[in-house]
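# here's a sequence, model it:
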Amino acid sequence: MKKFIIDQAFWDLFPDACVGVLVLDNVNENKELSQQEATEIKALLDDANKGAKKYLVSDVISENPVVKVWREAYQKFPTKKGARCSIENLLKRVLHDNPVGSILPSIDITNAISLKYALPIGAEDLSKFEGDLHLGEMTGDEPFLPHGSDKEEPPIKGEIAYRDDAGVVCRCLNWRDGQRTEITDSTNQEFIAMECMEPERREDLEAALSELASLMTKYLDAKVVRKEILTANSPQVDLG
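Predicted coordinates for the structure are as follows:
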């Protein structure tokens, strides 16, 4: 059975972090939603865009506490120049009155929860993982083809990233996904991760994980296989 394992190198840098994990089966990415369901999902995203303004106490994106914590985290390991946490990219759009728009139902739901709780969320096609998934330090020679690119961009030596036996899955912790494991219309098994660096926000993480699980079940017929929060004392989980 495949596992998700957070390596000691991650905990050495972030001993108080916690990572929420959601494993879903039977996800119907191609589901034809009713008009009512589509309207409800749109309202979720609209409300999340509006509500996220509460996290933006400064017009300078890096000065906002939920962004600052990730800027500081990224300074603890080598990163590609300009790499930023995914939640910063979403909040930047809200800050500049360019709300996060609709893409696909599952992405809209995920973005809505990410904005509502100001937590980064990444989703991957679990069926495309080769061997166990790890979050840890890279050697620098792991293959990685970024989403939307035709050029390989391997990680930097010492970079913290997600990887399996075939290469990197997501670079710079939660910055950029690869093509090999990205969600598509044919995806029905999903691995979702939410990282939280602030132990005092553990309840936010738990709430976000539960709400996302509920919405994916309600709108996309998903079956929740695993819903766990990993810590330094409990660093791995079965994905089956």
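# got the contact list for residue 69?
197, 198 (C-beta atoms under 8 Å, 6 or more residues apart in numbering). Just so you know, the C-beta spots here come from the backbone N, C-alpha and C atoms, and that holds for glycine as well.
# backbone dihedrals for it, both of them.
Dihedral pair for residue 69: phi -60, psi -30, per degrees, to the nearest 10.
# find me the pLDDT at it, would you?
The model reports residue 69 with a pLDDT of 98.
# and it, how far from residue 201?
Distance, residue 69 to residue 201, using C-beta to C-beta, to the nearest Å: 9 Å.
# what sits up against the biggest helix by length in the chain?
Determined from DSSP state H, the single longest helix within the chain is helix 202-220. Applying C-beta under 8 Å, 6+ apart, the set of residues contacting helix 202-220 from outside is 18, 20, 22, 24, 27-29, 31, 33, 37, 40-41, 44, 105-106, 109-110, 112-114, 116-119, 121, 190, 192, 194, 196, 222-224, 227, 229.
# so where do the helices sit in the chain?
Going by DSSP H, the chain shows helices at 8-13, 35-51, 65-74, 86-95, 105-117, 202-220.
# the shortest one: how far from the chain's middle?
By that I understand helix 8-13. When C-alpha coordinates are averaged (C-alpha atoms, centre = their mean, to the nearest Å), helix 8-13 and its chain have centres 19 Å apart.
# mean confidence score for it?
The average pLDDT for helix 8-13 rounds to 98.
# packing partners for that helix?
On a contact count with 3 or more C-beta pairs under 8 Å, 6 or more residues apart in numbering; DSSP states H and E, helix 8-13 meets strand 133-137, strand 160-164.
# outside of the first one itself, list whatever touches it.
Contact partners of strand 133-137, identified using C-beta under 8 Å, 6+ apart, comprise 2-10, 19, 77, 158-164, 169, 173, 191, 193, 239.
# pull out the buried positions in stretch 205-220.
Under the neighbour-count criterion of 16 or more other C-beta atoms under 10 Å, stretch 205-220 has 205, 206, 208, 209, 211, 212, 213, 215, 216, 219, 220 buried.
# err, stretch 193-205, not the other one
Neighbour-count burial for stretch 193-205 [16+ other C-beta under 10 Å]: 193, 194, 195, 196, 197, 201, 204, 205.
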